[in-house]
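Participant: sharing a sequence plus its predicted fold:
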Amino acid sequence: MAYRGSVRPFTKFNAKQDAELLHKAMKGMGTDEDAILMLLAARSNDQRQQIKAEYKKAYGKDLVSALKSEIGGLFECLIVALMTPPILYDATQLHKAIKGAGTNDEVLIEILASRTGEQIKEIAKVYKKGEFYTQL
């Protein structure tokens, strides 16, 4: 699998343990935002998706919803973006770039010029379904 960006899979990855750490960071009074950021930023998107599934299994709640209830502002936007599968993220950004008056050509070029033909086909499938993250 080709990696975009500099985040590589965490070598000692354990989705269950990471889900527990995130749960602890959100439990009780206050939220340990540093712990959330350090953990999620050090995992690949595929690993974050596994953590999301493990969290749902262990706690019966959607991890993204739990995170959103604990944080806000730009930090929330960052965390939601980190937790979004790449194809859905790209489709959402393309949608935002062309909706309304005018277009954001930089976003269109960045995404469409840097993805493989197969990735663009997958983005198009998601885009056609119209399922976009409004939080991004």
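Facilitator: That came through, no problem.
Participant: most remote residue from this protein's center?
Facilitator: Farthest-out residue of the chain from its mean C-alpha position, per Cα atoms, centre = their mean: residue 101, at 27.0 Å.
Participant: which of the three states applies to it?
Facilitator: In three-state terms, and counting by DSSP: H, G, I helix; E, B strand; the rest coil, residue 101 is coil.
Participant: before we move on, what about residue 19?
Facilitator: helix.
Participant: buried residues, whichever helix in the chain runs longest. List them.
Facilitator: The longest helix of the chain (DSSP state H) is helix 45-59. Across helix 45-59, burial judged by 16 or more other Cβ atoms under 10 Å covers 45, 47, 48, 49, 50, 51, 52, 54, 55. Bear in mind the C-beta positions are built from the backbone N, C-alpha and C, glycine included.
Participant: save those as TSV, and put in distance to residue 92 and pLDDT too.
Facilitator: Converted to TSV, these look like this (distance: Cβ to Cβ, whole Å; pLDDT from 0 to 100):
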residue	distance to residue 92	pLDDT
45	14	94
47	21	97
48	16	97
49	16	97
50	21	97
51	20	98
52	17	97
54	24	98
55	22	98
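Participant: save these as CSV, and put in distance to residue 94 too.
Facilitator: Conversion of those to CSV gives the following (distance: Cβ to Cβ, whole Å):
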residue, distance to residue 94
45, 18
47, 25
48, 21
49, 21
50, 26
51, 26
52, 23
54, 30
55, 28
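Participant: out of the residues you listed, flag the one nearest to residue 118.
Facilitator: residue 45 (16.7 Å; Cβ to Cβ).
Participant: for the closest one, give me its contacts.
Facilitator: 7, 82, 85, 86 (Cβ atoms under 8 Å, 6 or more residues apart in numbering).
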